[in-house]
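Asks: The following block contains a protein sequence and its predicted model.
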Amino acid sequence: MQEYNGIIFDMDGVLVDSEEFYYQRRKAFLKEYDLSIEQIPIPLFIGADMRSLWELILAVNDTIYDEAFLSEKYQEYKSQYPIDYSNLIDPDVKRVLKFLKRNGYRIGLASSSAMDVIQEVLKVGQLTSYFDVIVSGTQFKQSKPAPEIYEYTAQELGIEPQNCVAIEDSEKGIRSAHDAGLAVWALKDTHFGMNQQLADLKLDTLSDVCKKLQKAERIG
């Protein structure tokens, strides 16, 4: 039976149910500049940072605006329309993190979001102290689906990738962790139509992490 020593969480869509808000905010912003994302499959947006999306957005829209202009304006737009994370954090998160700490697991966070966003979510949820390593995709030339973020997070935890489990939801995140050599457990997607076939296990809820680990390793 495979031994796992490290558990690495994605954030958006796993710890916090933020993806729908992000998608609708991006859509509303782009509409102000007569840009549409209707023709782009929603799963391409989930788990992605905006750096990887501008090229895609501009490829399907005829516009005078460039990435630099739109990126700057979007940052302003986000500050005008902030997200309230307090009601979106998964109610099982603390219980799961306490279980992992109690049983000696090293815990990492590997998110495509910017570090200030990560820190805000963790502060709102009072979760910061549970994580041994916190990593943002903006630290790398390419975030998910490239594997670097998971390779780096496992290295920072001091654990070989094959001894780590990634808790993910998005196609991009699952691909990233899989290609980095981690086991991937995916929270079942019932909303965006994402392909999660690369995942090694499917989870109905976040609390299933505890049940699966107990089954895999017979821990108490």
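Replies: Here it is on my side, so go on. These numbers come from a predicted model, not from an experiment.
Asks: so who does the most centrally placed residue in the chain touch?
Replies: Central residue of the chain (Cα atoms, centre = their mean): residue 10, 3.6 Å from the mean position. With contact taken as Cβ atoms under 8 Å, 6 or more residues apart in numbering, residue 10 is in contact with 47, 109-111, 166-170, 173. For every residue, glycine as well, the C-beta is placed using N, CA and C.
Asks: ok, now residue 99?
Replies: For residue 99, the contact set (Cβ under 8 Å, 6+ apart) comprises 209-210.
Asks: Can you give the distance of whatever helix or strand it lives in from its chain's centre?
Replies: Per DSSP states H and E: residue 99 is located in helix 93-102. Relative to its chain's centre, helix 93-102 lies at 18 Å (Cα atoms, centre = their mean, to the nearest Å).
Asks: repeat for stretch 75-83
Replies: 20 Å.
Asks: Show me what the strand or helix carrying residue 7 packs onto, helices and strands only.
Replies: In the assignment (DSSP H and E), residue 7 maps to strand 6-9. Packing partners of strand 6-9 (3 or more Cβ pairs under 8 Å, 6 or more residues apart in numbering; DSSP states H and E): strand 106-111, helix 148-157, strand 164-168.
Asks: other SSEs contacting the next helix or strand after it?
Replies: Moving toward the C-terminus from strand 6-9, the next helix or strand (DSSP H and E) is helix 19-31. In this structure, helix 19-31 makes packing contacts with helix 50-59, helix 67-80, judged by 3+ Cβ pairs under 8 Å, 6+ apart.
Asks: Out of those, which is the most enclosed?
Replies: Among the helices and strands packed on helix 19-31, ranked by average contacts under mean count of other Cβ atoms under 10 Å, first place goes to helix 50-59 (a mean of 15).
Asks: Report the mean per-residue pLDDT for that helix.
Replies: Here helix 50-59 scores 92 as its mean pLDDT.
Asks: now stretch 28-41
Replies: pLDDT averaged over stretch 28-41 gives 96.
Asks: May I see the buried residues of it?
Replies: Using 16 or more other Cβ atoms under 10 Å as the test for burial, stretch 28-41 gives 29-30, 35, 37.
Asks: try stretch 175-184
Replies: For stretch 175-184, burial by neighbour count (16+ other Cβ under 10 Å) applies to 175-180, 182-184.
Asks: now the end-to-end length of stretch 98-110.
Replies: Stretch 98-110 has an end-to-end distance of 19 Å (Cα to Cα, to the nearest Å).
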